[in-house]
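Q: Below is the structure, and that's it, no one-letter string:
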């Protein structure tokens, strides 16, 4: 992958992390853990891989992205702002009274949000419907659905997984943010997902396992799709929950929560230091 | 009067609409003979998807299709759409106000001896509680066609409830159904019978006997549109007749009777008696047997009204 492109993507994600911390301080609440673990994935999609137009969000041929793990909205909002879908003033109203930006995104309020999500397990079916419509209409856009690993404990995900492979939706790309942590603890302690890759493969998906913080691997896995004609692709992205804020990393306590006091100071110092290094 | 299968009437009509609207896609949950969506499959196999026994996914797929400019018609039994897949209906269709039509068969206790698992006595109450949802419960084959035309004209989610039994043809050619409008089938100022679905037939029959044999002039209103509901017709009935009897193949909690009582309570000038299923699961029996047990008969409507008078 081009060195300059990687530098650009890293810069976008550093700015996004700073904005996420700002939003968590302003709002006093939010879901940082999964937003930070999936930030490189969303950065790569919006700044490298997807065809979207911030000036024409409903452009018919755009690629579609569904944040099935809607609680990671804070990351999506930051990326949509940096991409030009909304201004900074709007962004910083996150979870304030009368804001357009609730904790789980509303497609009718936020330009660039394809589908209202928040209740887990819905997005893959909706993405399958979009991918099916593209097949009906012989359109070439791709549909991307970002899921949390814990989210895939929902049975409806596996209904959708069966449906997508049965209908040969090779224009559908599922991405799982495999950060190993759900609200109540480690996924393998709460309700084990392993053998995880084999589960998806047995449902008829082509699975590519990557480091979800490595831009070359993210791009490589997505640009290679479809790997087999007629098969949907599942990118199994191994990530670190809370990535980029030291005390949040690997810590289930930071699935949800706002920032204040000393911890806000530490988080700000860390994301600002990352930005300063860039300069 | 002749009897017609509402499901056949529906399916034939959808096939006709499919010719005019290339963006109609039919989705089915492995019940294509029961819902008669098979007729659409035969006519337009490329625009038909049997989603299997996976109702939650089917509703999500419908949302994705609607987001891409299609008009999905989703088929299953009333109990499965209104309960098994209800969160997808609420969150992925009603909340974003997507253009998805749910046309369900086997509403109420019409599945009869199939048993309680297949009855839907709660679906209207459930759907009524969801914002953005339109609820239509037609009473005969003609009203089915009109409800489907109306559903298609609405840009948003619609729940159309059909029964499993054949329905008496009650309207002839004079009916002019519109969402939010009651259809007055008999005039009268002593009492008002408000029906929905196929029980319109019992409502009319009871009114005719009451007039002829007991000198009671009953107004009959068919509420095929449960949501939005015709507030003006209910208020007029309350003011002009003072007594309202609602008749529905549904629990008395939160359905037609609930909706009527809510409107009347705002003006407080009429008594409302709700006939329906009295907050219990029904026993084992044919549809006719269960309707009798639950008092959803011409005879019981007459008895109730004579008691009131």
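A: Yep, it's here. Not measured: the values here are computed from a predicted model.
Q: What residues does residue A:46 make contact with?
A: A:52, A:65, A:79-80, A:82-83 (CB atoms under 8 Å, 6 or more residues apart in numbering or on different chains). C-beta here means a position set from N, CA and C on the backbone, and glycine is covered the same way.
Q: Return the member of those nearest to chain B.
A: residue A:65 (12.3 Å; CB to the nearest CB).
Q: Can you say which helix or strand has whatever residue of the stretch 101-250 of chain A ends up closest to chain B in it?
A: Closest approach between the stretch 101-250 of chain A and chain B, counting by CB to the nearest CB: residue A:129, at 2.0 Å. Element membership for residue A:129, per DSSP states H and E: helix A:123-136.
Q: how distant is the lowest-mean-pLDDT helix or strand in chain A from the center of its chain?
A: In chain A, the helix or strand scored least confidently by mean pLDDT, DSSP states H and E is helix A:261-278, which has a mean of 94. Distance, stretch centre to chain centre, for helix A:261-278: 23 Å (CA atoms, centre = their mean, to the nearest Å).
Q: and that helix, what other elements does it pack with?
A: For helix A:261-278, the packing partners by 3 or more CB pairs under 8 Å, 6 or more residues apart in numbering or on different chains; DSSP states H and E come out as helix A:3-27.
Q: ok, residues contacting the helix it packs on?
A: Contacts for helix A:3-27 (CB under 8 Å, 6+ apart): A:30, A:32, A:35-36, A:39-40, A:43-44, A:47-48, A:74-75, A:77-79, A:81-82, A:91-92, A:94-96, A:215-216, A:244-245, A:257-260, A:264, A:267-268, A:271-272, A:274-275, A:278.
Q: How confident was the prediction at residue B:167?
A: The score at residue B:167 is 86. That number is its pLDDT.
Q: Repeat that for the one 5 residues further on.
A: Per-residue confidence (pLDDT) for residue B:172: 72.
Q: Skip the chain neighbours and tell me the closest residue to it.
A: residue B:142 (8.0 Å; CB to CB, 6 or more residues apart in numbering or on different chains).
Q: shaky segments in chain A?
A: Where chain A drops to pLDDT under 70, the residues are A:279.
Q: Does chain B have contacts with the strand or helix carrying residue A:162?
A: For residue A:162, the host element (DSSP H and E) is helix A:155-166. Yes. Helix A:155-166 is in contact with chain B by CB under 8 Å from any CB of the partner chain, via A:155-156, A:159-160, A:162-163.
Q: ok so, going back, just the buried ones from the contacts of helix A:3-27?
A: A:30, A:32, A:35-36, A:39-40, A:43-44, A:47-48, A:74-75, A:77-79, A:81-82, A:91-92, A:94-95, A:215, A:244-245, A:257-259, A:264, A:267-268, A:271, A:274 (16 or more other CB atoms under 10 Å in any protein chain shown).
Q: Domains of chain B: list them as residue ranges, please.
A: B:3-168, B:183-308 (automatic domain parsing).
Q: what's the longest strand in chain B?
A: strand B:243-251 (DSSP state E).
Q: Parallel or antiparallel, list what pairs with that one.
A: Note on strand B:243-251: by DSSP bridges, its sheet partners are strand B:191-195 (parallel), strand B:271-277 (parallel).
Q: Good, wrapping up.
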